[in-house]
Structures are given as structure tokens and as C-alpha cells.
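Asker: Fold the following and give me the result.
(one chain, ligands or ions: 1)
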Amino acid sequence: MPQFYTEPKVTVLSRPDFAEPGHLPVQWMGESTGGEKLAEFAGRLCYMSQKNPASRTTRDYLENIKKQGHGSVLEHANYSLLFEGVSRSLTHELVRHRAGFAYSQLSQRYVDESDAAFVVPPAIIGDDALTAAWKAQIESAQATYIALVEKLMERYKWVDDKVHRRKMAREAARGVLPNSTETKIVVTANARAWRTMLELRSSEGAEFEIRRLAIVALRTLQKEAPAFFSDFEVYMAADRVEAGRISYHKV
Ligand SMILES: Cc1cc2nc3c(=O)[nH]c(=O)nc-3n(C[C@H](O)[C@H](O)[C@H](O)COP(=O)(O)OP(=O)(O)OC[C@H]3O[C@@H](n4cnc5c(N)ncnc54)[C@H](O)[C@@H]3O)c2cc1C
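Answerer: Take a look at the predicted model:
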């Protein structure tokens, strides 16, 4: 029996560690994290306003940056997240987000998928008949994958390099694996790019699985850097699934 995921797992891999230069000290006010400080430092450098003449807290300062649409300073702060328990169809949509993003995803050519896990499409969770029909198809696809790999290894046994032979077998056999096959992906993006992606993918128009992931990622990033994501609101949409909306569109 393969493992079945019914929710994604999101782990923070990296966050900015701001190293303040001693010769340009900022008059900091209020609570902040490394990424928020980095963005404020970058913004203040433009006008050499390190003395903080308006006595703004970091979070008020960044609120104003978003309101004014000066989002380029948010590009300095990068966050890397590990997404697990997500489907190949989700990552196919995710990697369309290009500007400011970097990706590294599990390779189905190199990694044996005989024990792959699968992601239950959110819309069928809780319906036993739909889940049973879906699982039957998944299990059959995985059995075919295993049989194909075995037969292809035999067919190409004249290829001496075993790593290459396995790759030949797996890259052909993966054709029968469904979109629901679980994958893992490291995603790095700057705060401005995350905002754009999260706005699009937490919206009511987004596909359910990526929308669910966007909400989890949003909550994770809101803890990391509240000022960058404080204008997002999560609400229960008419389809009874959480969705997100934003106050400052495309800063
Ligand atoms: C609900 C939904 C449904 C979708 N349905 C489909 C679909 O059916 N088929 C499909 O193919 N895709 C679909 N997409 C994907 C969509 O078309 C975009 O590829 C995806 O949302 C990434 O958006 P983006 O290009 O703005 O992002 P990014 O690539 O991250 O770009 C961010 C911004 O940077 C600027 N930019 C980036 N690259 C360029 C460039 N080369 N030239 C000029 N400006 C640039 C633009 O302002 C852009 O908005 C869908 C997306 C959503 C959210």
C-alpha cells in the first residue's frame, strides 16, 4: 500500500540573516526579523534616512513601502521553503512562477518511484467511493511502473553503465505515473516574488491543492516576516475552502 498525503508539509530552510554595517547604523524601532531589517536598511539607504526622522517602526516603514508600491526593496529578502506531500501537477503549476524564483525538484529519472507516495486530490477527500476508485487507479499505475522498470532493465541489459540503464528504464516507465504522484521541491524566492505567487495561488480561482499549499506557505511566511505579508487576509470562500486576498496588489 503506498503512502497517501492529504495535506502538504512546508519547512523553512533558509531566512535572511541581516548583518548591520557599523558605519551606517539605523535608528531601529519596534520588533522585526532579519529579512524585514534588510529591506528597511535597503529602503533607507536610497534617501540616507537612517536616523529615522518620522520615528517609524520597521513594520510601519514596510507598510508604507507596500502602500507606495516600492516593492523592489522587498526583493533583497529571500526565503527558501521545502514543500513535501505535493503532487507533480501542483509543481507543474508552481514552476510557472519565474521572476525571483529558484527551484530544485526530485528527479523521476534518477529516483526509483516503486515506493512513491501519492497526494489525494482535495476535492475527493472524505468521499469513500471516489477515494476507492482513485486509489484503485493509483495502485494499478504503480504496479505497471514497477513491471515496466523491470522489463526495461532486462531489455537494455547490454548497457554496461547500470546508473544509465536505470535512468533509461525509469524515465520511460514514469510515463504511467499519475499527476497525483507525490514530489518534493525546494523553492527559494524573494519576498516580492512570494507575494505575487501567493496572491495568485491562494485566490478562489486557483486549483484546490495549490490553493491549500499557498495558504500554508502564507501562514509560514507571515511568521517569518509579518511586515511582508500582513496585508493578506485568509477567509472562508463560498466554495467552503480557505482562500487568500491581498490589500496591496503587485507592489
Ligand atoms: C488561476 C490560474 C489559472 C491558470 N491557468 C493556466 C492555463 O490554463 N494555462 C497556462 O499555460 N497557464 C495558466 N496559469 C499560469 C499563468 O499563466 C502564469 O504562468 C502564472 O500564474 C505565473 O504568472 P506570471 O507569469 O505573472 O509569474 P512570473 O513568471 O513570476 O512573473 C511575475 C511578473 O514578472 C513580469 N514578467 C515575468 N516574465 C516576464 C517576461 N518574460 N516578459 C515581461 N514581463 C515578465 C510580469 O509582470 C509577471 O506578472 C494559470 C494561473 C493561475 C493563477
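
Asker: could you say what helices and strands the lengthiest helix in the chain packs with?
Answerer: As assigned by DSSP state H, the longest helix anywhere in the chain is helix 128-155. Contact analysis of helix 128-155 by 3 or more CB pairs under 8 Å, 6 or more residues apart in numbering; DSSP states H and E lists helix 162-173 as its packing neighbours. To be clear about C-beta, it is placed using only N, CA and C from the backbone, and glycine gets the same treatment.

Asker: could you give the angle of the helix it packs on to helix 128-155?
Answerer: 140 degrees (axes from the mean of the first three to the mean of the last three CA atoms, to 10 degrees).

Asker: Check which residues of helix 162-173 are buried.
Answerer: For helix 162-173, the neighbour count (16 or more other CB atoms under 10 Å) marks Arg165, Arg166, Met168, Ala169, Arg170, Ala172, Ala173 as buried.

Asker: from those residues, which are also near the ligand?
Answerer: Among the buried residues of helix 162-173, not one lies near the ligand by CB under 6 Å from any ligand atom.

Asker: Which pLDDT does the model give the most far-flung residue of the chain relative to its centre?
Answerer: In the chain, the greatest distance from the average C-alpha position (CA atoms, centre = their mean) is reached by Trp158, at 41.2 Å. Predicted confidence (pLDDT) for Trp158: 97.

Asker: Could you do Val251 as well?
Answerer: Reading off the model, Val251 has pLDDT 87.

Asker: For the nearest residue to it once chain neighbours are set aside, which residues are in contact?
Answerer: Leaving aside its chain neighbours, Val251 sits nearest to Gly71 (3.4 Å; criterion: CB to CB, 6 or more residues apart in numbering). Counting by CB atoms under 8 Å, 6 or more residues apart in numbering, Gly71 touches Ile65, Arg192, Arg195, Lys250, Val251.

Asker: Mind jotting down where the strands sit in the stretch 101-250 of the chain?
Answerer: 101-105, 118-119, 182-190, 232-236, 242-246 (DSSP state E, counting those that start in this stretch).
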